[in-house]
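Trainee: this one's sequence-less:
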């Protein structure tokens, strides 16, 4: 009821634009369905966040019910007992506050590099969203403090390692919760400092957690889901960039547009394949280069050119499924126990288990890795004179100059690394909490690996972008189609033609910047219209 699903057949841009109301309101409300675009806008755009009015009523009812249960002296997991294997130990009412504080402190044992700010902001948003749905029994003021940390820029320092993905992301969420009780560290105004100082500078005060609240804050999948949401948003955009670079390589290698005929994808009706074929057709339309070899005796292109719709399209369809699951999880209650005050029941269950996210993040890893795999093959084709008909390694003076030879080595290294990272994390499980928690998801590992693969894939697509632009220079005075030409011109504004050897790292960084910023896509769409 609370989830908002993508409509089948939507393009990546349409998916990210589901929340048209955001632009009008300039504010995101938790406690009502969130979209992926809203998550990205809060995580990266600093959008203001508030509690939806209808959510306040639900939260107050749920909290009143919890307080009644505590007053009655009932034994309920997480309210009046220890946690995990210690659930059979009854906690005295006088120790309730200490129990909740101890839970946060004891579980904040993450390690490794801190999560980036956009992931931390997404975690804060998604945890507030889950709590605001009214099944967690937490006080309004705790949710409001989460939201004010977002609005005022108090960002907890959260180590990236330490979650097994059930009972949710315990360690990362405990670190996220430390500033709420005045503990741990936070980043504020660009500086890392004790959380108590960050709160004071932001005009906020820590809270004293009451019954159930510590558990409500850390039982959930918000670390893996935050990472996953940002990865899938970026991966959908990267899929379009891969179509652009693929279309450029197709022209550079004098490949055929016939495999991209709409009739081909119509008889094998996978939506992603149809979108890719339409993108490439549009990019290559009215191309003098394509027209120049219309009557050549070459019968078929290599798979990395001819099968772009099938390979890129499969990745698109996989990512759409990932988006479907992640969108549900964004709007899910992942707490334990769940408070059903309308039914006068408290149910201990397993909504904190990260398996739904773990599986699709492993799927995303494969989908993104394949965009890089096939891109690297196109790079190699352009650099090999026996396959390309172009100067070896795209160098005008080969021998004296090595040209772009090593760019393929770099791409191969990244692609190989992705193959290792793409091994599914979700098939592993190591029991925890003295075998009480005997099956876990490793979903945060899946999500973190997906983010690594995404970064590697961006570099590979950037390498293809630079190579294809260099290769197309050798076709002058013939020009590619208007769409591909717009991409070439965008690249040439930041990356000059390689006429003699130079260090190319800065050029690749500039090309990657065009992809991440959306400038490459915008330049192409200005020439040929909206891409899928």
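Mentor: Thanks, I have it. All values reported here derive from a predicted model rather than from experimental measurement.
Trainee: burial count for the residue lying closest to residue 248 once chain neighbours are set aside?
Mentor: Distances taken as CB to CB, 6 or more residues apart in numbering put residue 468 closest to residue 248, at 3.6 Å, once the chain neighbours are dropped. Any C-beta I mention is one placed from the backbone N, CA and C, and that applies to glycine too. Residue 468 has 30 neighbouring residues, counting by other CB atoms under 10 Å.
Trainee: Test my guess that residue 468 contacts residue 244.
Mentor: No. Contact between residue 468 and residue 244 fails when scored by CB atoms under 8 Å: they sit 9.2 Å apart.
Trainee: Now do the buried residues in the host helix or strand of the residue nearest to residue 248.
Mentor: According to DSSP states H and E, residue 468 maps onto helix 443-473. Going by neighbour count (16 or more other CB atoms under 10 Å), the buried part of helix 443-473 is 443-454, 456-473.
Trainee: How about stretch 491-506?
Mentor: 491, 495, 498, 504.
Trainee: Quick one: end-to-end distance for it.
Mentor: 13 Å (CA to CA, to the nearest Å).
Trainee: Residues in contact with it: which ones?
Mentor: Defining contact as CB atoms under 8 Å, 6 or more residues apart in numbering, one finds that stretch 491-506 is touched by 394-397, 401-404, 407, 465-466, 469-470, 473, 507, 510-511, 513-514, 520.
Trainee: Swap in 7 Å and give it another go.
Mentor: 396, 401-404, 407, 465-466, 469-470, 473, 507, 510-511, 514 (CB atoms under 7 Å, 6 or more residues apart in numbering).
Trainee: And for residue 315, nearest residue in space, chain neighbours not counted?
Mentor: Excluding the flanking residues, the one nearest residue 315 by CB to CB, 6+ apart is residue 367, at 4.1 Å.
Trainee: re the thing from before, wait, which of the buried residues of stretch 491-506 is closest to residue 99?
Mentor: Minimum distance to residue 99 across the buried residues of stretch 491-506 is 57.7 Å, recorded for residue 504 (CB to CB).
Trainee: separation between the closest one and residue 494?
Mentor: Here residue 504 is placed at a distance of 13 Å from residue 494 (CB to CB, to the nearest Å).
Trainee: same thing with residue 215?
Mentor: For residue 215 relative to residue 494 (CB to CB), the value is 51 Å.
Trainee: quick one on the thing from earlier: just list the residues touching the residue nearest to residue 315, thanks.
Mentor: Counted by CB under 7 Å, 6+ apart, residue 367 has contacts 315, 318-319.
Trainee: helix or strand right after the lowest-mean-pLDDT helix or strand in the chain?
Mentor: Ranked by mean pLDDT, DSSP states H and E, the weakest helix or strand in the chain is helix 20-25, scoring a mean of 37. Next in sequence after helix 20-25, counting helices and strands by DSSP H and E, comes strand 27-30.
Trainee: can you list the residues that contact that next one?
Mentor: For strand 27-30, using CB under 7 Å, 6+ apart, the contacting residues are 22, 38, 41-42, 47-52, 55, 125, 128-129, 132, 147.
Trainee: mean confidence for the next helix or strand after it?
Mentor: Where DSSP H and E defines the elements, the next helix or strand beyond strand 27-30 is helix 36-45. Helix 36-45 carries an average pLDDT of 97.
Trainee: Go ahead and measure how far whichever strand or helix holds residue 142 is from the middle of the chain.
Mentor: Per DSSP H and E, residue 142 falls inside helix 140-152. Centroid displacement of helix 140-152 relative to its chain, using CA atoms, centre = their mean, to the nearest Å, is 24 Å.
Trainee: How about the residue nearest the centre of the chain: what's its closest non-neighbour residue?
Mentor: In the chain, the residue lying closest to the centroid (CA atoms, centre = their mean) is residue 231, at 1.4 Å. In this structure, residue 231 finds its nearest non-sequential neighbour in residue 450, 4.8 Å apart by CB to CB, 6+ apart.
Trainee: helices and strands around the helix holding residue 142, which ones?
Mentor: strand 48-51, helix 53-71, helix 117-132 (3 or more CB pairs under 7 Å, 6 or more residues apart in numbering; DSSP states H and E).
Trainee: Pick the most deeply packed of those.
Mentor: Greatest average neighbour count among the helices and strands packed on helix 140-152 goes to helix 117-132 (a mean of 26), per mean count of other CB atoms under 10 Å.
Trainee: Distance of residue 320 relative to residue 410?
Mentor: From residue 320 to residue 410 the distance is 30 Å (CB to CB).
Trainee: just residue 177 next, same as before
Mentor: Distance of residue 177 to residue 410, given as CB to CB: 41 Å.
Trainee: among the helices and strands packed on helix 140-152, which is nearest residue 376?
Mentor: Closest among these, using CB to CB: helix 117-132, at 27.8 Å.
Trainee: May I ask which helix or strand encompasses the nearest residue to residue 526 once chain neighbours are set aside?
Mentor: Leaving aside its chain neighbours, residue 526 sits nearest to residue 486 (6.6 Å; criterion: CB to CB, 6+ apart). Using DSSP H and E, the element containing residue 486 is helix 482-492.
Trainee: Which pLDDT value goes with the residue nearest to the centre of the chain?
Mentor: pLDDT at residue 231 comes out at 98.
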